[in-house]
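> Any chance you can model this:
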Amino acid sequence: MTFWLLFCIFLAACLGAGVTGGLFAPGPWYRGLNKPWFTPPDWAFPVTWMVLYVCMAVAGARVGMLSGNGIAMAFWAFQIALNAVWSPVFFGLKNIRLGMAIVSALWLGVLCTMLAMWQIDWIAGLLFLPYLIWVTIAAALNAGVWRLNMDVARNPPPAPS
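Numbering: from 1, shown residues only. Below you'll find the model as predicted:
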């Protein structure tokens, strides 16, 4: 396969995961929560995610073309699946605690993906570093929302029907 075909496949996977952020966008429930002082402005999320998705797709395409990529590709698939699940859980189900568990697993998955890729292609590994930083911020935000909204975290509102 050519690099560009692989890039398009990985980018489609990223955008597919990103669609869940649009389907389960922050709404009145989230806006009513107390948030940590370091919460980025709303406009920063789509801009950051688009840049990260391009970096992730480039990294995936670079490693996808190389031999010995099985572990890196497995971790890539693992992290993108968790990426896709977080928004429906946090914003859709309004489950702050389960969101924290998912973002923690996502952080570990991104770290493992980065390290596995680094061993095959250091540029691909480096392309995952901004993603790891962003997921670190996301985990800190999730933890901060949990800490500042303990009653809501203990008793999530009923899921919409």
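> host element of residue 5?
Using DSSP states H and E, residue 5 maps to helix 3-23.
> elements contacting that helix?
Packing partners of helix 3-23 (3 or more CB pairs under 8 Å, 6 or more residues apart in numbering; DSSP states H and E): helix 44-64, helix 70-87. In this view, the C-beta of every residue, glycine as well, is placed from N, C-alpha and C.
> Just give me the residue right at the centre of this structure.
residue 83 (3.7 Å; CA atoms, centre = their mean).
> Residue 60 is in contact with residue 125, correct?
No. With contact defined as CB atoms under 8 Å, residue 125 does not count as touching residue 60 (11.8 Å).
> Pick out whichever of those two has more residues nearby.
With neighbours defined as other CB atoms under 10 Å, residue 125 and residue 60 compare such that residue 60 has more, 28 against 20.
> give the contact list for the more buried one.
Residue 60 sits next to 6-7, 10, 13, 73, 76, 124 when contact means CB atoms under 8 Å, 6 or more residues apart in numbering.
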